[in-house]
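Enquirer: Build me a model:
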Amino acid sequence: YDGKCVFCRIARREEPGTALLPCEDEDLVCFRDIKPGAPHHYLVVPVKHMGNCKTLKTEHIPLVKRMMEVGKAVLQKNNFNDLNDVRMGFHWPPFCSIAHLHLHVLAPASQLGFFSRIYYKINSYWFIT
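Expert: Take a look at the predicted model:
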């Protein structure tokens, strides 16, 4: 836990302005992005403080898969079922604003605005899927 990290505080329910969405994985939390790039834009975040996506190793593959499953489940709970029209990924440092691992879940990807299509461009220099 890092008390200076806003995502750590959100995960511990210490940020009353951020509502957590129902999540069936006790090691992860999910909430809406404060600057949505799509009609559905959620962040899936480990409760335990982890660095950005550059710190991921082979042993983290199950964690990332669980993060993706939580993202899909939250979309479905919010009545979005076209999982072929979803964009998920991480901003690559130094382009991530919070140094706590977080997966962006955006849908429908076909409705991303002009800037969001750039900011969340698949496997770009700044966003990896």
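Enquirer: Pull out the buried positions in stretch 79-92.
Expert: Using 16 or more other CB atoms under 10 Å as the test for burial, stretch 79-92 gives 80, 86-92. Every C-beta, even on glycine, is put in place using the N, C-alpha and C of the backbone.
Enquirer: Can I get it as CSV, trimmed to CA atoms?
Expert: In CSV, the C-alpha atoms belonging to stretch 79-92 read as follows (Å, rounded to 0.1, in the frame of the first residue of the first chain):
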residue,chain,number,x,y,z
ASN,A,79,-25.4,-4.1,-20.8
PHE,A,80,-22.5,-4.1,-23.3
ASN,A,81,-22.2,-7.5,-24.9
ASP,A,82,-20.3,-7.0,-28.1
LEU,A,83,-16.9,-8.1,-26.9
ASN,A,84,-15.5,-7.8,-30.4
ASP,A,85,-15.9,-4.0,-30.1
VAL,A,86,-13.7,-3.5,-27.0
ARG,A,87,-10.3,-2.0,-26.5
MET,A,88,-8.2,-3.0,-23.5
GLY,A,89,-4.7,-2.0,-22.7
PHE,A,90,-2.1,-0.2,-20.7
HIS,A,91,-0.4,3.2,-21.2
TRP,A,92,3.3,2.7,-21.6
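Enquirer: Tell me how far it lies from the chain's centre.
Expert: On the basis of CA atoms, centre = their mean, to the nearest Å, stretch 79-92 sits 10 Å off its chain's mean C-alpha point.
Enquirer: What separation do you get for Thr55 and Ser97?
Expert: From Thr55 over to Ser97 the distance is 16 Å, taken as CB to CB, to the nearest Å.
Enquirer: number of nearby residues for Lys54?
Expert: Residues within reach of Lys54, counting by other CB atoms under 10 Å, total 13.
Enquirer: Phe95 is in contact with that one, correct?
Expert: No: with contact defined as CB atoms under 8 Å, Lys54 and Phe95 do not form a contacting pair (11.1 Å).
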